[in-house]
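S.K.: okay, here's the prediction I keep looking at, along with the sequence it came from:
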Amino acid sequence: DTEVTQTPKHLVMGMTNKKSLKCEQHMGHRAMYWYKQKAKKPPELMFVYSYEKLSINESVPSRFSPECPNSSLLNLHLHALQPEDSALYLCASSPGQAVTIREQFFGPGTRLTVL
Amino acid sequence: GNSVTQMEGPVTLSEEAFLTINCTYTATGYPSLFWYVQYPGEGLQLLLKATKADDKGSNKGFEATYRKETTSFHLEKGSVQVSDSAVYFCALSGMDSSYKLIFGSGTRLLVRP
């Protein structure tokens, strides 16, 4: 299995809702990432988990809360979002074990719309 | 700090034309270099990679050579197809332990029949 899967594919939520995005990989990778991508822009890193521990938080607002329940799963919990948070949310994974193996493998993304 | 600069798009070509998308980088040491492609409505796919100077990455007819002397990693394809229409991102991963990918701004390619 060489895929990163993400659910749901699309999500529409109000500013008072709580929702979660899910990401899964079965490649044995030990580093997982959340990115936010606005239209016509490159992805922006939000969080990095390495060996199931949060290693990087790029000063993301607390209304985004990541969680890594095990080495294959990564969640992003959403609460009290703003319309400007509407974007494509991408999950990625990488082996995370050897300095020379640096490529990241991306999922298809969740298109989030905040009303 | 590390950075990647890509040529501005969009690039519009006719089918079977030659493609070059320029990418230059700034980094210390020997970063790993990547080209990712994003088709409309999809996530990013790794197109090719190179991990050391003079390495040539290739995939699906696309090629890029890691040029340390010019700090470049230009993407080329000899004959583009309509199905190659997408956004192409050049990226690097530095030699630190952060695993961060630094992306260029992306170049949109439109291939006309």
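M.R.: Here it is on my side, so go on. Numbering: from 1, shown residues only, chains lettered A, B, ... in the order given.
S.K.: list the beta-bridge partners for residue 65.
M.R.: Just going to use chain A. Beta-bridge pairing of A:S65 under DSSP bridges involves A:H77.
S.K.: sorry, should have said chain B
M.R.: B:K56.
S.K.: who are the contact partners of it?
M.R.: B:50, B:54-57, B:73-74 (CB atoms under 8 Å, 6 or more residues apart in numbering or on different chains). C-beta coordinates here come from the backbone N, C-alpha and C atoms, glycine included.
S.K.: so how far is chain A from it?
M.R.: For B:T65, the distance to chain A equals 17 Å [CB to the nearest CB, to the nearest Å].
S.K.: would you mind listing what in chain B touches chain A?
M.R.: Contact residues, chain B versus chain A (CB under 8 Å from any CB of the partner chain): B:32, B:34, B:36, B:42-46, B:49, B:51, B:89, B:93, B:95, B:97-101, B:103-106, B:108.
S.K.: and with 7 Å instead?
M.R.: By CB under 7 Å from any CB of the partner chain, the part of chain B that sits against chain A consists of B:32, B:34, B:42-44, B:46, B:49, B:51, B:89, B:93, B:98-101, B:103-106.
S.K.: re the thing from before, compare the contacts of B:T65 and tell me which is most surrounded.
M.R.: Neighbour counts for the contacts of B:T65 (other CB atoms under 10 Å in any protein chain shown) peak at B:F73, which has 29 neighbours.
S.K.: how about that residue, nearest residue that isn't a chain neighbour?
M.R.: B:L33 (4.4 Å; CB to CB, 6 or more residues apart in numbering or on different chains).
S.K.: B:Y39 too?
M.R.: Counting by CB to CB, 6+ apart, B:Y39 lies nearest to B:A86, which is 4.7 Å off, once chain neighbours are set aside.
S.K.: got a list of what the one you found touches?
M.R.: The contact partners of B:A86, taken as CB atoms under 7 Å, 6 or more residues apart in numbering or on different chains, are B:37-39, B:109.
S.K.: rerun at 8 Å
M.R.: By CB under 8 Å, 6+ apart, B:A86 lies in contact with B:37-40, B:108-109.
S.K.: again with A:P43
M.R.: Taking CB under 8 Å, 6+ apart, we find A:P43 in contact with A:35-37, A:90, B:44, B:103.
S.K.: mind pulling up the pLDDT for it?
M.R.: On pLDDT, A:P43 comes in at 96.
S.K.: where does chain A have low pLDDT?
M.R.: Scanning chain A for pLDDT under 70 picks out A:1-2, A:97-101.
S.K.: of all the residues in it, which ones are close to chain B?
M.R.: Contact residues, chain A versus chain B (CB under 8 Å from any CB): A:4, A:6, A:31, A:33, A:40-43, A:45, A:48, A:50, A:55-56, A:88, A:90, A:92, A:94, A:96, A:99-100, A:102-109.
S.K.: now a PyMOL select for only the buried ones of those residues.
M.R.: Applying 16 or more other CB atoms under 10 Å in any protein chain shown to the residues of chain A next to chain B, the buried members can be selected in PyMOL as follows:
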select buried, chain A and resi 4+6+31+33+42+43+45+48+50+56+88+90+92+94+96+102+103+104+105+106+107+108+109
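S.K.: among the residues of chain A next to chain B, name the ones in helices.
M.R.: Counting by DSSP state H, no part of the residues of chain A next to chain B is found in helices.
S.K.: shouldn't B:S83 be within a helix?
M.R.: Yes: according to DSSP: H, G, I helix; E, B strand; the rest coil, B:S83 belongs to a helix.
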